[in-house]
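Student: only geometry, no sequence info:
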């Protein structure tokens with residue numbers, strides 16, 4: 001009898017314990033569900049805020065993955081076009097951020113559009129001399145650039161546009177006929193060199209959208225900028241139409257497809273370059289990927305050709321001159337030795353023409369493969385014949401580039417070309 005009563009007491013304790021565990025589980029599940037609902041509601045509010053922010057001009061699809069669900073977004077908006085009558089030096093000045101990271105938000109987007117005053121030194125807001133690094137085709141009167149920066153945690157991608165406004169811009173007391181737009185977007189890349197071409201394109205399209213919105217409402221006299229396509233096609237197996245002249249086999253350079261090295265890696269050329277004709281500048285490049293050292297042959301494994309015309313020409317030349325990367329006067333004798341510095345040994349050849357845009361500079365560059373060098377003694381002397389071949393390779397690239405049917409030089413009607421000289425971009 002005693003054993004039976006004790007068993008009943010134990011059973012009741014077990015039941016109460018089980019009921020308690022179940023109750024605690026239900027409470028915990030309820031808390032989890034409540035937290036999930038709160039987070040979902042917070043994210044919905046943040047997404048709605050993203051759609052409204054900055055006059056509704058932000059790229060929602062690209063930014064959605066950065067929107068937090070555990071805290072409200074922080075929005076700061078200023079500018080004469082966002083809040084009429086508000087005193088501001090900017091037409092649009094907007095920042096939206098999420099999360100409280102270390103020293104700065106976990107993710108943030110910034111937009112600014114301002115009228116640059118005539119005759120003033122605008123410092124960092126000055127338009128670039130070289131318009132060719134914007135990833136969308138730009139019409140006359142518009143210049144742009146894209147780039148990346150590392151943050152304390154992660155990276156961001158930015159785009160800038162400078163748009164000529166013949167009818168002027170309102171919002172500043174002094175006259176202005178140039179609009180400057182900047183956009184900075186968060187990137188999924190940990191380091192700035194890992195930012196993808198797609199993220200560059202998203203930033204460029206965001207800048208174009210904001211510029212078009214401002215110029216239309218300001219009636220500044222500029223035509224809308226297109227957002228279709230991309231000016232630079234990256235890592236293609238075949239050159240773009242403006243770069244079809246770049247044929248490594250026809251130029252006698254290192255061949256790629258059809259053979260592998262001892263590590264069973266496939267060799268192949270990949271190409272970057274303009275996807276459309278741009279009147280101000282041109283860019284074509286190719287590189288042999290996946291190769292091992294060629295030992296004593298030292299064939300060309302990278303090729304690049306660029307042109308700058310009109311306003312861009314002088315600025316581009318001065319930029320290279322600042323780094324002592326333009327032909328010397330008087331010309332230096334050819335060097336037959338390399339000192340390894342960790343950078344590829346580039347041989348550049350410069351030429352000057354008169355094209356539709358006016359004075360034009362051309363720069364082609366070839367990079368030969370070097371044998372493996374001893375870190376303790378990194379100097380390499382090449383035979384005179386090999387050094388002469390490097391010069392011949394660079395001249396062959398220039399000649400083929402300038403003579404190509406349908407190429408940039410032909411379409412720009414370049415003429416009166418003269419060779420300026422070589423630049424050995426390697427340590428001596």
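Tutor: Nice, thanks for sending it over. The structure presented is a predicted model; accordingly, all values stated were derived computationally and were not measured.
Student: Going by neighbour count, list what's buried in stretch 197-216.
Tutor: Buried residues in stretch 197-216, counting neighbours by 16 or more other CB atoms under 10 Å, are found at 199-215. (Each C-beta comes from the backbone N, C-alpha and C, glycine too.)
Student: Sorry, slip of the keys, the one I care about is stretch 71-80.
Tutor: 73, 77-80.
Student: Taking those, tell me the two that lie furthest apart.
Tutor: 73 and 80 (23.6 Å; CB to CB).
Student: So, low pLDDT: which residues of the stretch 301-428 of the chain?
Tutor: 311, 336-343, 371-378, 427-428 (pLDDT under 70).
Student: What segments of it are helices?
Tutor: 311-322, 384-403, 408-411 (DSSP state H, counting those that start in this stretch).
Student: Show me what the second one is packed up against.
Tutor: It refers to helix 384-403. On a contact count with 3 or more CB pairs under 8 Å, 6 or more residues apart in numbering; DSSP states H and E, helix 384-403 meets helix 248-251, strand 300-309, strand 346-355, strand 358-368, helix 408-411, strand 415-425.
Student: mind putting those in JSON lines, mean neighbour count and distance to residue 59 included?
Tutor: What follows is the helices and strands packed on helix 384-403, written out as JSON lines (neighbours: other CB atoms under 10 Å; distance: least, CB to CB, whole Å):
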{"stretch": "helix 248-251", "mean neighbour count": "14", "distance to residue 59": "38"}
{"stretch": "strand 300-309", "mean neighbour count": "24", "distance to residue 59": "30"}
{"stretch": "strand 346-355", "mean neighbour count": "20", "distance to residue 59": "36"}
{"stretch": "strand 358-368", "mean neighbour count": "22", "distance to residue 59": "34"}
{"stretch": "helix 408-411", "mean neighbour count": "21", "distance to residue 59": "31"}
{"stretch": "strand 415-425", "mean neighbour count": "15", "distance to residue 59": "38"}
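Student: Adding distance to residue 40 as columns, could you present those in TSV?
Tutor: As requested, those are arranged in TSV below (distance: least, CB to CB, whole Å):
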stretch	distance to residue 40
helix 248-251	54
strand 300-309	50
strand 346-355	54
strand 358-368	53
helix 408-411	53
strand 415-425	56
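Student: wait, residue 62 sits on residue 200?
Tutor: No. No contact is recorded between residue 62 and residue 200 when judged using CB atoms under 8 Å, the distance being 11.4 Å.
Student: Now residue 192: closest residue in space that isn't a chain neighbour?
Tutor: The shortest distance from residue 192 to any residue other than its chain neighbours is 3.8 Å, reached at residue 148 (CB to CB, 6 or more residues apart in numbering).
Student: So what sits opposite that neighbour in the bridge?
Tutor: With beta bridges defined as DSSP bridges, residue 148 has these partners: residue 157.
Student: okay but it is in contact with residue 156, surely?
Tutor: Yes. At 6.9 Å, residue 148 and residue 156 qualify as touching, with contact defined as CB under 8 Å.
Student: what about those two, which has more around it?
Tutor: For residue 148 against residue 156, the residue with the higher neighbour count under other CB atoms under 10 Å is residue 156, and the figures read 22 against 19.
Student: can you pull the contacts of that one?
Tutor: 108, 148-149, 184-187 (CB atoms under 8 Å, 6 or more residues apart in numbering).
Student: so which of these comes closest to residue 426?
Tutor: Checking those against residue 426 with CB to CB, the nearest one is residue 148 at 27.0 Å.
Student: just checking, residue 284 touches residue 242?
Tutor: Yes. Residue 284 is in contact with residue 242 according to CB under 8 Å; the separation is 6.9 Å.
Student: which residues in the stretch 51-200 of the chain form strands?
Tutor: All strands of the stretch 51-200 of the chain, identified by DSSP state E, counting those that start in this stretch, fall at 74-78, 92-100, 105-117, 142-150, 155-164, 176-187.
Student: Okay, buried residues for the second one please.
Tutor: For strand 92-100, burial by neighbour count (16+ other CB under 10 Å) applies to 92-99.
Student: That strand packs against which elements?
Tutor: helix 2-56, strand 74-78, strand 105-117.
Student: That one pairs with which strands, and in what direction?
Tutor: Taking DSSP bridges as the criterion, strand 92-100 forms sheet pairs with strand 74-78 (antiparallel), strand 105-117 (antiparallel).
Student: Report the angle between it and strand 176-187.
Tutor: Following axes from the mean of the first three to the mean of the last three CA atoms, to 10 degrees, one obtains 10 degrees for the angle between strand 92-100 and strand 176-187.
Student: Quick one: mean pLDDT over strand 92-100.
Tutor: Within the predicted structure, the mean pLDDT of strand 92-100 is 88.
Student: which outside residues touch that strand?
Tutor: In this structure, residues lying in contact with strand 92-100 by CB under 8 Å, 6+ apart are 46, 49-50, 53-55, 58, 66-68, 70-71, 73-79, 81-82, 105-114, 210, 214.
Student: re earlier: looking at the helices and strands packed on helix 384-403, which is closest to residue 237?
Tutor: Closest to residue 237 of the helices and strands packed on helix 384-403, according to CB to CB: helix 248-251, at 12.3 Å.
Student: For residue 408, give me its contacts.
Tutor: When contacts are counted by CB under 8 Å, 6+ apart, residue 408 touches 242, 274, 277-278, 282, 307.
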